[in-house]
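Enquirer: Quick one: sequence and predicted model below, then my questions.
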Amino acid sequence: MSTLSIVLAGHVDHGKSTVLGRLLAETHTLPEGKLEQIRQTCERNSKPFEYAFLIDALRDEQAQGITIDSARVFFKTKKRHYILIDAPGHIEFLKNMVSGASRAGAALLVIDAKEGVRENSRRHGTMLSLLGIRQVAVLVNKMDLVDFRQDRFEEIRSGYTTFLEELGVTPTGFLPVSGATGENIAARTDRLAWFDGPTVVEQLDAFGEESPPGDRPSRMPVQDIYKFTRFDDDRRIVAGTVNSGGFSAGDEVVFHPSGKESRIRKIESGPDRISAGMAAGCTLEEQIYITRGEIMVRKGEPSPAMSSRVRATIFWLGRVPMDKKKTYLFKLGTAKVPARLEKIERVIDGATLATSGGDSTIGRHAIADVVLKLNRSIAFDEGEALPETSRFVLVDEYEIAGGGNVKEALEDRPAWVGKKVRVRNARWEKSLIVPAKRAEKYNQRATLVLVTGRREAVRKKVAKKLEQDLFRDGRVTYYLAMGNVVYGVDADLRGKEKTGEEHMRRLSEIAHMYLDAGLILIVSAIELTQEDLDIIRTGLGQERITTVWVGDEVTTPLIPDVIVGDGKPAEAAERIKEHLRERGIIFRPW
Ligand code: GTP
Ligand code: MG
């Protein structure tokens, strides 16, 4: 039997927990005598019995772990197993939608028949649509409070259907129910005789499968790389959870965004084939350097998109509005990258869907179409096809403050530079000494360290001190001042060209040669921007660049890897070395 995860949504007190309690009771999921026991407890304490108490009571009993845990309730029908996720608030809701553990394939949205559609009924509908949940059944609950009247049900149905349609969501079902009195949960009753649709249980069974096996491209975000502990064993286990499709031993795989390829040697964690929803670890035929956050894909299947600039639809839940000055953490799959808001295209009120333009910030509960600039390229899927690899959350000061869906990858570097780099790569004459041999000999991985900061900052002092320290430690390193490029290689460039795209392209070509020779090249430049960095990256690849900002405040829209204080070059150089060690760029002996 298969398992389907379903998220419960709806305005506060509209009856989610009650419906859930009923479902447990009526699908005979409860342990023998449980219901009676809770009824008696209520009686003893002279408070009226509530199905919602059932959920709380079960939650308190660790022994009931199979029926319920902190946010999830497990039960089954004749057709399949269900995990119902009760999301008490917006943030929990978002976490549940984006975290792999309890990703929902469908939703039940509960609306109180008496109170009607409220703010959060609409907001939750909007969030479901943004997160790519296409199967939504609406339960008009508490029908007992409106005398099971059909006209009241129809009124809510027509109003809310119109709202959902504006979001592009067609409800899978619209059901009148009463959690408290049990109408239409697992059985039909006379009081709703006018309704000829399904019961809640029938509705659940009518939902489509979460991921039709095999017919979606394979995706496994890399969670971690483990080393075998035995001394002479150099194998690495690539661990993660399969989001869609599946993988087998022997499959040729590509990792994005690095583009590195290998073949799966063995699925170390169990069966020969792993598919959507399974956590797994596998070893590869060839040892390649990949990192957490990359997405493993089967070769020959459609590749994910890749960029450091994306157009996305987000909803903002943070108390403090989202603005362009701040850096946020963008988490998609297992990738985590600092990000900034580059542009707000339009802002939509999550409850009324009214739009506005020209906003400079995004307030709480608003939805917005935006352009986000990430500090490096990551892989993801565009649009609706594979929601698991296009949903993301935004973290502000350690707390989830928003979430959304990537709509499209945007150009993040001038195309002409990329074209020249491709030609250079195709024509590049390779040395007989492979990069790994140089790395082994020099105890370092070739890297460009870009030291930047404000005009007045002691960038050069930091860069030169770093060169001196690395040299003293036995590293093969070279410091190149920007002026040395401008008056030499750039001698034919005029005026503004000397700081423009062509200048950056030349710098990246020079760096490319130094790096090919195995060096740690240190370059200092005034107020480098993200655009400058994008050009340099095009020539070198992002994993071979380390950016350092000197000074307390980053004054350009650059998202640096390391920030060091101004005025103490020795300390700054030490801090940079520490970072290089952490990233495995310099290794023992230090
Ligand atoms: P939160 O978790 O706080 O968002 O609320 P909830 O949506 O889980 O609602 P809950 O199930 O706790 O129900 C809220 C109140 O509505 C409780 O007092 C229930 O007894 C009552 N209630 C729920 N369903 C029904 C119903 O079908 N009929 C009637 N009359 N009352 C109901
Ligand atoms: Mg509840």
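Expert: Cool, the structure landed. Residues are numbered from 1 along each chain as shown. Ligands and ions are numbered 1, 2, ... in the order given.

Enquirer: Run a quick neighbour tally on H124.
Expert: For H124, the neighbour count with other Cβ atoms under 10 Å is 23. Where you see a C-beta, it was placed from the backbone N, CA and C, and this is true even at glycine.

Enquirer: Which residue, other than its chain neighbours, is closest to the most centrally placed residue in the chain?
Expert: Among the residues of the chain, L332 comes closest to the average C-alpha position under Cα atoms, centre = their mean, at 1.5 Å. Counting by Cβ to Cβ, 6 or more residues apart in numbering, F392 is the residue found nearest to L332 once chain neighbours are left out, at 3.9 Å.

Enquirer: What about the one you found, how many residues nearby?
Expert: Neighbours of F392 under the rule other Cβ under 10 Å: 24.

Enquirer: What score does whatever residue of the stretch 151-300 of the chain ends up closest to ligand 2 have for pLDDT?
Expert: Distances between the stretch 151-300 of the chain and ligand 2 by Cβ to the ion are smallest at G179, namely 10.7 Å. Here, the pLDDT recorded for G179 equals 94.

Enquirer: cool, and S211?
Expert: Predicted confidence (pLDDT) for S211: 54.

Enquirer: Also the one 5 residues further on?
Expert: In the predicted model, R216 carries a pLDDT score of 85.

Enquirer: which SS state does it fall under?
Expert: coil (DSSP: H, G, I helix; E, B strand; the rest coil).

Enquirer: I'd like to know how far the nearest residue to E286 once chain neighbours are set aside sits from R298.
Expert: Distances taken as Cβ to Cβ, 6+ apart place S262 nearest to E286, at 4.5 Å, with adjacent residues excluded. Between S262 and R298 the distance is 12 Å, computed by Cβ to Cβ, to the nearest Å.

Enquirer: show me what contacts the residue of the stretch 151-300 of the chain closest to ligand 2?
Expert: G179 is in contact with 15, 18-19, 21-22, 51, 141-142, 185, counting by Cβ atoms under 8 Å, 6 or more residues apart in numbering.

Enquirer: E43 versus that one, what's the distance?
Expert: Taking Cβ to Cβ as the measure, G179 falls 20 Å from E43.

Enquirer: coming back round to it: does the residue nearest to the centre of the chain really touch G404, like I thought?
Expert: No - between L332 and G404 there is no contact, the gap being 9.7 Å when judged by Cβ atoms under 8 Å.

Enquirer: hey, what's in contact with both of these two?
Expert: Taking Cβ under 8 Å, 6+ apart as the criterion, L332 and G404 both touch 391-392.

Enquirer: Nearest spatial neighbour of the residue of the stretch 151-300 of the chain closest to ligand 2, chain-adjacent residues omitted?
Expert: Of all residues not flanking G179 in the chain, T18 sits nearest, at 3.5 Å (Cβ to Cβ, 6+ apart).

Enquirer: so what's that neighbour scoring on pLDDT?
Expert: 91.

Enquirer: Burial check on it, number of neighbours?
Expert: Neighbours around T18, by other Cβ under 10 Å: 24.

Enquirer: ditto for the one 3 residues further on
Expert: By other Cβ under 10 Å, 27 other residues sit near G21.

Enquirer: So for it, what's the nearest residue that isn't a sequence neighbour?
Expert: Once flanking residues are discounted, G21 sits nearest to Y51: 3.1 Å by Cβ to Cβ, 6+ apart.

Enquirer: Tell me the secondary structure of the residue of the stretch 451-590 of the chain found nearest ligand 1, please.
Expert: The stretch 451-590 of the chain approaches ligand 1 most closely through I559 (38.2 Å), counting by Cβ to the nearest ligand atom. Recorded secondary structure, I559: coil (three-state DSSP).
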